[in-house]
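Colleague: Predicted structure and sequence below. I'll ask about it afterward.
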Amino acid sequence: MTTPFLEAISISKVYPGKTSAGVKTTTLSITQGKITAIIGESGSGKSTLLKMLYGLLSPDEGEVRFKNERVWGPEEKLIPGHDAMRMVTQDTDGLNVFAKVWDNIAVLLPNTNVAAKEENTRQVLQQLNITRIADKQVAYLSGGEKQRVAIARALVTKPEVLLLDEPFNQVDTSFREGLQQDIRQVVKETGLTVIMVSHDPVEVLSMADELIVLKDGEVLEIGSPKTLYNQPQNLYSARLLTGCNVLTQQEAAICGINTDKDYLVIYPEWVKPTKSWTHKDWTIKQVLFKGSHEGLVVEKHGVSLRLINNQPDKYNEGDKVHIKFERYLAFPA
């Protein structure tokens with residue numbers, strides 16, 4: 001029988017208060033050599049779960065096991081956190097702002113083998129594409145550059161698991177995708193296991209191999225980004241991963257769709273406008289330029305829908321159009 005790589009066995013962590021917070025009894029297994037993203041709304045327990053997996057928090061019940069050995073909590077370990085893991089948050093205050101990038105990274109390695117120390121530092125600088133700023137003082141770096149240095153510091157000691165808590169919040173959108181690609185390449189080349197917490201659907205859909213959906217401290221579903229995007233098992237996941245249209249039964253009927261479920265979910269890309277039909281009973285209320293495409297807001301009898309138009313400049317505000325629904329999902333309350 002294969003030993004699980006990293007697993008949580010019936011762990012829970014509950015914070016007292018009027019509203020429940022923390023993580024309810026949870027069992028899950030993390031796949032080695034993959035990127036797993038823990039997603040959920042604010043207060044869903046994402047960071048709490050991440051910290052328990054790392055050993056920064058001790059569960060009230062249950063235990064976390066890494067390669068079949070228990071992960072010790074802060075009450076049992078002088079320096080909290082498992083030795084084979086490293087965590088990076090959006091806070092880069094741990095960097096020495098008066099030192100160069102090279103020194104911030106190399107300082108974590110012993111001087112017993114100076115040649116190996118230099119080689120490992122050089123390697124991680126290349127992996128994170130920050131060789132060009134190796135001699136730059138950290139105080140003069142941008143937020144995105146500091147985040148790359150923080151991740152490089154975590155990687156230089158060659159951990160088996162890298163935990164990222166909202167790692168890209170300080171990174172400009174234009175540079176975020178490049179950093180994500182670099183991390184994916186590191187995973188591919190080294191077999192590193194990455195566990196990340198995020199609230200950004202675009203981020204996790206393009207970066208993660210597996211998603212864990214949390215709601216109010218409970219795991220709702222686990223699956224690949226593609227599966228959970230196209231076939232979510234609940235309304236919460238659909239709302240979390242997409243900018244979807246959510247309609248009640250009555251609103252769905254106005255759209256010509258009858259359902260016995262409480263809510264209908266329609267992704268913007270599943271709605272197609274056309275001028276070629278006789279029943280043009282929808283009015284275009286807004287045309288939003290998105291670069292390669294447009295976002296349209298259409299309305300009929302008080303029901304508004306957001307949809308994507310891949311033919312910019314074809315429609316104007318006030319145009320009457322017919323709407324075709326290519327697909328929809330139905331969920332109970």
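Modeller: Great, that's in hand. Numbering: from 1, shown residues only.
Colleague: From Leu305, how far out is Pro268?
Modeller: If you measure Pro268 against Leu305 using Cβ to Cβ, to the nearest Å, the figure is 8 Å. C-betas here are computed from N, CA, C, even on glycine.
Colleague: These two - which one has more neighbours?
Modeller: Leu305 (21 against 17; other Cβ atoms under 10 Å).
Colleague: Give the pairing partners of the helix or strand where the more buried one lies; include direction for each.
Modeller: Taking DSSP states H and E as the criterion, the element that holds Leu305 is strand 303-309. If you go by DSSP bridges, strand 303-309 pairs up with strand 294-300 (antiparallel).
Colleague: Extract the CA atoms of the partner strand and return them as CSV.
Modeller: Listed next in CSV are the C-alpha coordinates belonging to strand 294-300 (Å, rounded to 0.1, in the frame of the first residue of the first chain):
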residue,chain,number,x,y,z
GLU,A,294,-16.6,42.9,-25.4
GLY,A,295,-18.7,42.4,-22.4
LEU,A,296,-22.4,43.0,-23.0
VAL,A,297,-25.2,43.6,-20.5
VAL,A,298,-28.6,42.8,-21.9
GLU,A,299,-32.0,43.2,-20.3
LYS,A,300,-35.5,41.8,-20.7
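Colleague: which residues are contacting it?
Modeller: The list of residues contacting strand 294-300 from outside it, by Cβ atoms under 8 Å, 6 or more residues apart in numbering, reads 254-255, 268, 273, 281-288, 304-309, 312, 315, 321, 323.
Colleague: Could you tell me which of the residues you listed belong to strands?
Modeller: Counting by DSSP state E, the contacts of strand 294-300 place 273, 282-288, 304-309, 321, 323 in strands.
Colleague: If you go by neighbour count, which of those residues are buried?
Modeller: Among the ones in strands among the contacts of strand 294-300, those that count as buried by neighbour count (16 or more other Cβ atoms under 10 Å) are 273, 282, 284, 287, 305-309, 321, 323.
Colleague: Where does the prediction get shaky in the stretch 51-200 of the chain?
Modeller: When residues are selected by pLDDT under 70, those of the stretch 51-200 of the chain lie in 170.
Colleague: hey, where'd the helices end up in it?
Modeller: 101-106, 114-127, 143-155, 173-190 (DSSP state H, counting those that start in this stretch).
Colleague: Let's have these in CSV, adding mean neighbour count and distance to Met196.
Modeller: Putting the helices of the stretch 51-200 of the chain into CSV (neighbours: other Cβ atoms under 10 Å; distance: least, Cβ to Cβ, whole Å) gives the following:
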stretch, mean neighbour count, distance to Met196
helix 101-106, 22, 21
helix 114-127, 16, 17
helix 143-155, 22, 11
helix 173-190, 15, 9
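Colleague: quick one on the thing from earlier: would CSV of the buried ones among the ones in strands among the contacts of strand 294-300 with distance to Val156 and pLDDT be doable?
Modeller: Output for those, formatted as CSV (distance: Cβ to Cβ, whole Å; pLDDT from 0 to 100):
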residue, distance to Val156, pLDDT
Pro273, 52, 92
Trp282, 56, 95
Ile284, 54, 96
Val287, 49, 96
Leu305, 50, 97
Arg306, 45, 96
Leu307, 47, 95
Ile308, 43, 94
Asn309, 47, 93
Val321, 56, 94
Ile323, 54, 93
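Colleague: Now render these as JSON lines, adding distance to Leu6.
Modeller: Supplementary listing: these in JSON lines, determined by distance: Cβ to Cβ, whole Å:
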{"residue": "Pro273", "distance to Leu6": "47"}
{"residue": "Trp282", "distance to Leu6": "50"}
{"residue": "Ile284", "distance to Leu6": "50"}
{"residue": "Val287", "distance to Leu6": "48"}
{"residue": "Leu305", "distance to Leu6": "42"}
{"residue": "Arg306", "distance to Leu6": "39"}
{"residue": "Leu307", "distance to Leu6": "41"}
{"residue": "Ile308", "distance to Leu6": "39"}
{"residue": "Asn309", "distance to Leu6": "44"}
{"residue": "Val321", "distance to Leu6": "51"}
{"residue": "Ile323", "distance to Leu6": "47"}
